[in-house]
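A.B. asks: Turn this into a model:
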Amino acid sequence: MTDKNCRCPWLDLSKPDYVAYHDYEWGVPVRDDKKMFEFLILESAQAGLSWYTILKRREGYKKAFANFDVVEVSQFDQAKVEELMLNDGIIRNRAKINAAINNAKVFIEIQKEFGSFCNYLWGYVDNTPIINEIKELSDYPATTELSDEISKDLKKRGIKFFGSTICYAHLQACGLINDHALTCYRRDQMINN
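C.D. replies: Purely as a prediction, here's the structure:
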């Protein structure tokens, strides 16, 4: 049993909202398409930025992107893009905003093909999280063969701003990969849940 005070080495313990994200969300298996779409929007917005930068704007993204309603986001038009470009609650990057709308459309196509986006993504890991043995910060990979394969397939399907590094972060966040460190109290909780 690991100490509740021991957490992953990447976590900045001086940021209570970051600690809460780590303790209650990061690595928890996501089996709900709405939550999966939320993380897809947020992760693709992260490209080139830190996750904490996006986490601080999460509520802004929730409001700006229709409470992460994939159908509504897929119908955003150019006027909505211009409105979002003035929204200081999100990262005002036109390419990323357009990618979010595009990705919503692709997400819906994947739902149609597989029954749900979660079915599609979890199929890559046979519906069972991969459990890694992370000892220190340097053990975290930026990408893996799995993230390469998934991001390549998603790119072929039309997803944007979702390269292998972002894909790997998405797999970690959504619990398809358990990358809680061996000393982190959340690791065993995720395994035993």
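
A.B. asks: Would you mind listing the outside residues contacting stretch 74-84?
C.D. replies: 64, 90, 92, 94, 97-98, 101, 104-105, 107-108 (CB atoms under 8 Å, 6 or more residues apart in numbering). Glycine gets a C-beta too; all of them are placed from N, C-alpha and C.

A.B. asks: gap between it and the chain center?
C.D. replies: Stretch 74-84 sits 22 Å away from the centroid of its parent chain (CA atoms, centre = their mean, to the nearest Å).

A.B. asks: Make 439 the starting number, not 1.
C.D. replies: All set: I'll call the first residue 439, so the last point we hit is now stretch 512-522.

A.B. asks: Going along the chain, name the strands of this structure.
C.D. replies: 568-569, 615-616 (DSSP state E).

A.B. asks: Just checking: what are the partner strands of the last one?
C.D. replies: Sheet neighbours of strand 615-616, with direction, are listed as strand 568-569 (parallel) (DSSP bridges).

A.B. asks: List of residues touching the partner strand?
C.D. replies: Under CB under 8 Å, 6+ apart, the answer for strand 568-569 is 584, 614-616, 629.

A.B. asks: Now do the same contact list for Q484.
C.D. replies: 491-492, 604, 607.

A.B. asks: Mind pulling up the pLDDT for it?
C.D. replies: For Q484, the pLDDT comes out at 92.

A.B. asks: With Q627 instead?
C.D. replies: 89.

A.B. asks: in stretch 499-519, what's buried?
C.D. replies: Buried residues in stretch 499-519, counted by 16 or more other CB atoms under 10 Å: 499-500, 502-504, 506, 508, 511-512, 514, 518.

A.B. asks: Now for those residues: which two are most distant?
C.D. replies: K500 and S512 (16.7 Å; CB to CB).

A.B. asks: By neighbours, which of the contacts of strand 568-569 wins?
C.D. replies: L614 (24 neighbours; other CB atoms under 10 Å).

A.B. asks: pretty sure that residue is touching P467, no?
C.D. replies: Yes: L614 is within contact range of P467, at 7.2 Å (criterion: CB atoms under 8 Å).

A.B. asks: Find residues that contact each of these two.
C.D. replies: With CB under 8 Å, 6+ apart, L614 and P467 have common neighbours P567.

A.B. asks: N443 - how many residues pack around it?
C.D. replies: Neighbours around N443, by other CB under 10 Å: 7.

A.B. asks: any idea how far it is from D461?
C.D. replies: 11 Å (CB to CB, to the nearest Å).

A.B. asks: Can you get me a residue count around Y456?
C.D. replies: Neighbour tally, Y456, other CB under 10 Å: 18.

A.B. asks: Repeat that for N570.
C.D. replies: 17.

A.B. asks: now do the one 4 residues further on
C.D. replies: Other residues within reach of E574, judged by other CB under 10 Å, total 10.

A.B. asks: you'd agree it is up against P447?
C.D. replies: Yes: using CB under 8 Å, E574 makes contact with P447 at a distance of 6.0 Å.

A.B. asks: Okay, now stretch 490-508: how far is its last residue from its first?
C.D. replies: Across stretch 490-508, the terminal residues are separated by 23 Å (CA to CA, to the nearest Å).
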